[in-house]
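A.B. asks: okay, here's the prediction I keep looking at, along with the sequence it came from:
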Amino acid sequence: MKLYIKYMVSLRCKMVVKEELKNLGLHYVNVSLGEAEIMENITQQQHDELKTALLRSGLELMDDKKSVLIEKIRNVIVELVHYTDELPKMNFSTYLSEKLNHDYTYLANLFSETEGTTIEHYIMKHKIERVKELIIYDELNFTEIAAKMHYSSVAHLSNQFKKITGLTPSFFKSLKDKKRNTLDDVK
């Protein structure tokens, strides 16, 4: 049985879900961003207890199909931008459609209607958070960061960075107190 969990965006969230499932005597086959597959069918009491336990940790058990799909879109983006070393060479709309087995127009309209922002803007904000992280690590120069994040040039990266943060990447790098957002806060 698959369970869908909202706000599950990090490895720490996966550990919390595993722990809560274990506490309820449920055995998981797989726990990934946004979902957990368990071996047994869950009783209503277990469902309610799990829902309460996850809420204490800032996570939410989902039942609505549209909410599940929105969360899957978010998780594909987070996983791709933050946890994949190499972004796909194909267009992101094609990648998302293939990954979720839905027409991109449907996904984009549902996301915009529900979230109040476009998928493209959501991706851009996550890419900029990833760029901030790479700047803070100070292992790559701006040209390498632009290439890694699939920007056509450093100028393109700089324009998007300034559009989202109000700062240039160089100025951000020079700050002593570099502020990054948690993945939960990127909307």
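C.D. replies: All right, it came through fine. Residues are numbered from 1 along each chain as shown.
A.B. asks: distance-wise, check the residue nearest the centre of the chain relative to His47.
C.D. replies: By Cα atoms, centre = their mean, the chain has its centre lying nearest to Val78, at 2.5 Å. Distance of Val78 to His47, computed by Cβ to Cβ, to the nearest Å: 25 Å. Glycine gets a C-beta too; all of them are placed from N, C-alpha and C.
A.B. asks: low pLDDT regions in the protein?
C.D. replies: The chain contains residues with pLDDT under 70 at 178, 180-185, 187.
A.B. asks: show me it divided up by domain.
C.D. replies: Per the record, the chain has its domains at 2-63, 66-187, by automatic domain parsing.
A.B. asks: what strand or helix carries the residue nearest to the centre of the chain?
C.D. replies: With elements taken from DSSP states H and E, the one containing Val78 is helix 65-83.
A.B. asks: buried residues, that helix. List them.
C.D. replies: Neighbour-count burial for helix 65-83, with 16 or more other Cβ atoms under 10 Å as criterion, is recorded at 68-78, 80-82.
A.B. asks: equivalent analysis for stretch 22-39, please.
C.D. replies: So for stretch 22-39, counting by 16+ other Cβ under 10 Å, buried means 24, 26, 31, 33-36, 38.
A.B. asks: how far does that stretch sit from its chain's centre?
C.D. replies: Here stretch 22-39 shows a centroid-to-chain-centroid distance of 19 Å under the convention Cα atoms, centre = their mean, to the nearest Å.
A.B. asks: tell me who's in contact with Asn75.
C.D. replies: Contacts for Asn75 (Cβ atoms under 8 Å, 6 or more residues apart in numbering) come out as 8-9, 32-35.
A.B. asks: reformat the residues you listed as a markdown table; add secondary structure.
C.D. replies: As requested, the contacts of Asn75 are exported to a markdown table (DSSP: H, G, I helix; E, B strand; the rest coil):
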| residue | secondary structure |
| --- | --- |
| Met8 | coil |
| Val9 | coil |
| Ser32 | strand |
| Leu33 | coil |
| Gly34 | coil |
| Glu35 | strand |
